[in-house]
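>>> Below is the sequence, then the predicted model.
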Amino acid sequence: MELTPGLRAEVEIVVAEADTAVHVGSGDVPVLATPRLLALAEAATVEAVRACLGDGETSVGTRAEVRHRVATPAGGRVTVTAELRDVDGTRLAFAFEAVDEQGRVVGDGRIERAVVGREGFLSRLSR
């Protein structure tokens, strides 16, 4: 497969206590934490391109923009959909949207990733 705009993936969760702002440390209310929302969006971007990467390749996050619009309490279901919008060499640009079970937009944003060789990337960490 080829990395082309339009590739999509979805990640769905039921918000657990471990996903809340109280637990993550990003606030003091028991609702879906913004950092957790971003992590779910990143997971969807990874899944969207997983099958298209070559042997030894991976993608790494390089930029993120998130708007958290609606609070979701523990027990609420959230579905995050990410779509690859642009490919520029090794740079991948995604849009994502998170929706709750009532159809409300919980959050949205953009994520950029870069395709890298896994071994080369990891070897630079030990320098």
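The structure has been received and is ready for your questions.
>>> Would you map the strands across the chain?
8-14, 57-68, 77-88, 91-100, 105-117 (DSSP state E).
>>> Residue 14 against residue 73, yeah?
No: applying Cβ atoms under 8 Å as the test, residue 14 and residue 73 come out as separate, 10.8 Å apart. Yep, even glycine has a C-beta here, placed from its N, CA and C like the rest.
>>> List the buried residues for the lengthiest helix in the chain?
Longest helix in the chain by number of residues, with DSSP state H as the criterion: helix 34-49. Along helix 34-49, these residues count as buried under the neighbour rule (16 or more other Cβ atoms under 10 Å): 34-38, 40-42, 44-46, 48-49.
>>> and which of these is nearest residue 96?
Set against residue 96, the nearest of the buried residues of helix 34-49 by Cβ to Cβ is residue 41 (4.3 Å).
>>> Provide a list of residues in contact with the closest one.
By Cβ atoms under 8 Å, 6 or more residues apart in numbering, the contact set of residue 41 is 11, 64, 66, 80, 82, 96, 98, 107, 109, 111.
>>> can you put the residues you listed in a markdown table and add distance to residue 22?
Listed next are those as a markdown table, based on distance: Cβ to Cβ, whole Å:
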| residue | distance to residue 22 |
| --- | --- |
| 11 | 22 |
| 64 | 22 |
| 66 | 19 |
| 80 | 21 |
| 82 | 26 |
| 96 | 24 |
| 98 | 19 |
| 107 | 18 |
| 109 | 23 |
| 111 | 25 |
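>>> possible to save those residues as TSV with neighbour count?
Listed next are those as TSV, based on neighbours: other Cβ atoms under 10 Å:
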residue	neighbour count
11	21
64	16
66	18
80	25
82	28
96	27
98	30
107	23
109	18
111	22
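>>> which stretches of the protein have low pLDDT?
1, 127 (pLDDT under 70).
>>> Could you identify the pair within the buried residues of helix 34-49 that is furthest apart?
Spanning the widest gap among the buried residues of helix 34-49 are 34 and 49, at 23.8 Å by Cβ to Cβ.
>>> coming back round to it: next one: the longest helix of the chain to chain centre, how far?
Counting by Cα atoms, centre = their mean, to the nearest Å, helix 34-49 is centred 2 Å from the centre of its parent chain.
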